[in-house]
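Participant: Generate a structure from the sequence data that follows.
(one chain, ligands or ions: 1)
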Amino acid sequence: MKAFQLPPSPKTGILGGHFFEFRRNTLSFLLKNAREFGDVFYFRIGPQRAFFLNHPDYIKDVLMTYQSSFMKGRALQRSKRLLGEGLLTSEGEFHRRQRRLAQPAFHRQRIAGYANVMSDYAERHIANWEDGKELDLAQEMMSLTLNIVAKTLFNANVDDETKDVREALTTILEMFNLLLFPFSEILEKLPLPQSRRFNKSKAKLDSIIYRIVEERRKSGEDAGDLLSMLIFATDTEGDGKGMTDEQLRDEAMTIFLAGHETTANALTWTFYLLSQNEEVEKKLHEELDGVLPDGKLPTMEDVPKLKYTEKVFAESMRLYPPAWALGRLVIKDVEIGGYHIPKDSLVLMSQYVIHRDPRYYEDPERFNPERWTTDPKDTKQFTYFPFGGGARRCIGDQFAWMEGILLLAVIARKWKLRHVPEHKVETQPLFTLRPKYGMKMIVNKR
Ligand code: HEM
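Facilitator: Predicted coordinates for the structure are as follows:
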């Protein structure tokens, strides 16, 4: 071990830290320094040291080998304000129990039942598009995936309430991204109109969730949705009990949030990349026309046949991973990459940076679905990790692959999307990797 020797670090700014550069230009700051310093470097965020780990083995060390030396970083700690002790934010034994209870809801057979919801909703959504019209695809995808997650989580009984749920959730999400900003702890305590709106929307959504839970508990019926699975799950390996109403509320809110913005961004970037790569788009159309002749809507059975579609989606998440970085707080001193990383430091790992590393990808900036000669879902090495890894790996990964492939198929089969050339495209790494100015596109009938 390079005993207590620090890894290299970029030069500090005027105030003796890296915070402003990191904040202003996060992705290029990380890319530039990773290329310059290699596998480990550190930088300062206020009084804290953040160690950036840029090697698949070190990422595996954090997410798997030494996972008990870490807990979630500040962004997710702050998210507890909205998500409570849900899967994304909880820790330790409590998290393990929740994960055991929630896992069956995400089993392959269970989520297979949602394939038709996904295809139907996508088909209905695009029925409103007009040939030659310009739209903001980022918004379109956000509203489509939100409707899908609302339906699969709560089933049809809440169709009437979907509008209420959506409005409340939209307000919450606007505020949610603010929660992650520095000094948000202080902002949050001020009687700002945003805070009031946030609290009102949160209370509304809570009351809807609690009411549905109560109705389901009374009827004892499995409504076929994710929530029913969570309500009736019991911890057979532990105390034999199920989740309390509060836990159900936290998990429902977590699934709402984690389950739509990520997929929406992945699809938005995919259509942008397709509009810039006509050859790829042509091949995609050929596959879709072959697998889905005569306007057939894709079903679960078609998913394994849509191999090229899957590669397109995988390659898009390589270049624009919706979860662009993972952060952890060190709770026990640990050694990684030969460096001693002390308690209370931060570690940061970035899918965006690793996925563009020329050591692992030839011509990494090129959108080239053909590079996927092995199954992208099987990647055990941390050179491709859009869904994280280890005990905290995304529980909705299969749901997301299925949704991504089906929505891509339903939309691309009928529409060709063209990016509006004067519209600026820039990444905005917030909670997920968004297009900063939305994504203006013209939709043309195929
Ligand atoms: C393309 C879409 C998606 C991407 C890229 C994605 C990515 C991720 C990543 C990277 C994590 C790990 C975070 C960490 O380690 O700090 C995660 C966790 C999680 N995701 Fe996803 N996700 C996606 C879709 C979904 C969907 C559709 C759902 C639910 C329907 C979902 C639910 C969750 C939950 C509950 C967790 C927390 C799991 C735990 O800690 O036990 N995600 N996701």
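
Participant: show me where the stretch 1-150 of the chain has helices.
Facilitator: Counting by DSSP state H, counting those that start in this stretch, the stretch 1-150 of the chain has helices at residues 19-24, 26-37, 56-60, 74-83, 92-102, 108-112, 115-126, 137-154.

Participant: Out of the ones you listed, which is closest to residue 385?
Facilitator: In terms of C-beta to C-beta, the element of these nearest to residue 385 is helix 56-60, at 6.9 Å. In this view, the C-beta of every residue, glycine as well, is placed from N, C-alpha and C.

Participant: and for that closest one, what are the contacting residues?
Facilitator: 39-40, 53, 336-337, 349, 354, 360, 381-383, 385, 389-390 (C-beta atoms under 8 Å, 6 or more residues apart in numbering).

Participant: Pull out the buried positions in that helix.
Facilitator: Within helix 56-60, the residues that count as buried by 16 or more other C-beta atoms under 10 Å are 56, 58-60.

Participant: Those residues of the stretch 51-200 of the chain touching the ligand, which are they?
Facilitator: Contacts of the stretch 51-200 of the chain with the ligand, taken as C-beta under 6 Å from any ligand atom, map to 72, 87-88, 99.

Participant: Just the ones of those in strands?
Facilitator: The members of those that map onto strands under DSSP state E are residue 72.

Participant: Now the buried members of the residues of the stretch 51-200 of the chain next to the ligand.
Facilitator: 72, 87-88.

Participant: is it possible to export the residues you listed to a markdown table including distance to residue 288?
Facilitator: A markdown table is the format used below for these (distance: C-beta to C-beta, whole Å):
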| residue | distance to residue 288 |
| --- | --- |
| 72 | 39 |
| 87 | 34 |
| 88 | 34 |
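
Participant: Same list, those residues, but as CSV with pLDDT please.
Facilitator: Below are these laid out as CSV (pLDDT from 0 to 100):
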residue, pLDDT
72, 92
87, 95
88, 93
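
Participant: pLDDT weak spots in the protein?
Facilitator: 1-3, 13-17, 156-162, 177-188, 379 (pLDDT under 70).

Participant: same thing but at 50, please
Facilitator: Of all residues in the chain, none has pLDDT under 50.

Participant: mind checking the SS state of the most centrally placed residue in it?
Facilitator: Centroid-nearest residue in the chain: residue 262, 3.4 Å away (criterion: C-alpha atoms, centre = their mean). Using DSSP: H, G, I helix; E, B strand; the rest coil, the three-state assignment for residue 262 comes out as helix.

Participant: That one: what's it in contact with?
Facilitator: Counted by C-beta under 8 Å, 6+ apart, residue 262 has contacts 322-323, 400, 432.

Participant: Can you give me the neighbour number for the one residue in the chain that gets nearest to the ligand?
Facilitator: Per C-beta to the nearest ligand atom, residue 396 is where the chain lies closest to the ligand, at 2.2 Å. Neighbour count for residue 396, taken as other C-beta atoms under 10 Å: 23.

Participant: correct me, but residue 353 touches residue 37?
Facilitator: No: at 11.7 Å, residue 353 and residue 37 do not qualify as touching, with contact defined as C-beta atoms under 8 Å.

Participant: that older thread, format the helices of the stretch 1-150 of the chain as TSV; extra columns: distance to residue 446.
Facilitator: Below are the helices of the stretch 1-150 of the chain laid out as TSV (distance: least, C-beta to C-beta, whole Å):
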stretch	distance to residue 446
helix 19-24	41
helix 26-37	34
helix 56-60	40
helix 74-83	40
helix 92-102	39
helix 108-112	28
helix 115-126	11
helix 137-154	16
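
Participant: Counting by contacts, list what the top helix by length along the chain packs against.
Facilitator: When the chain is parsed with DSSP state H, its longest helix is helix 193-219. Here helix 193-219 touches helix 162-179, helix 226-232, helix 245-258, going by 3 or more C-beta pairs under 8 Å, 6 or more residues apart in numbering; DSSP states H and E.

Participant: Turn those helices into TSV, columns for mean neighbour count.
Facilitator: Compiled in TSV, the helices and strands packed on helix 193-219 are given as follows (neighbours: other C-beta atoms under 10 Å):
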stretch	mean neighbour count
helix 162-179	17
helix 226-232	21
helix 245-258	22
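
Participant: Dump the ones you listed to JSON lines, plus distance to residue 132.
Facilitator: As requested, the helices and strands packed on helix 193-219 are arranged in JSON lines below (distance: least, C-beta to C-beta, whole Å):
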{"stretch": "helix 162-179", "distance to residue 132": "28"}
{"stretch": "helix 226-232", "distance to residue 132": "38"}
{"stretch": "helix 245-258", "distance to residue 132": "34"}
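
Participant: quick one on the thing from earlier: residues contacting the residue of the chain closest to the ligand?
Facilitator: Shown in contact with residue 396 (C-beta under 8 Å, 6+ apart): 106, 255, 258-259.

Participant: ok, now with 6 Å
Facilitator: Counting by C-beta atoms under 6 Å, 6 or more residues apart in numbering, residue 396 touches residue 259.

Participant: Look up how far residue 251 lies from it.
Facilitator: Distance, residue 396 to residue 251, by C-beta to C-beta, to the nearest Å: 12 Å.
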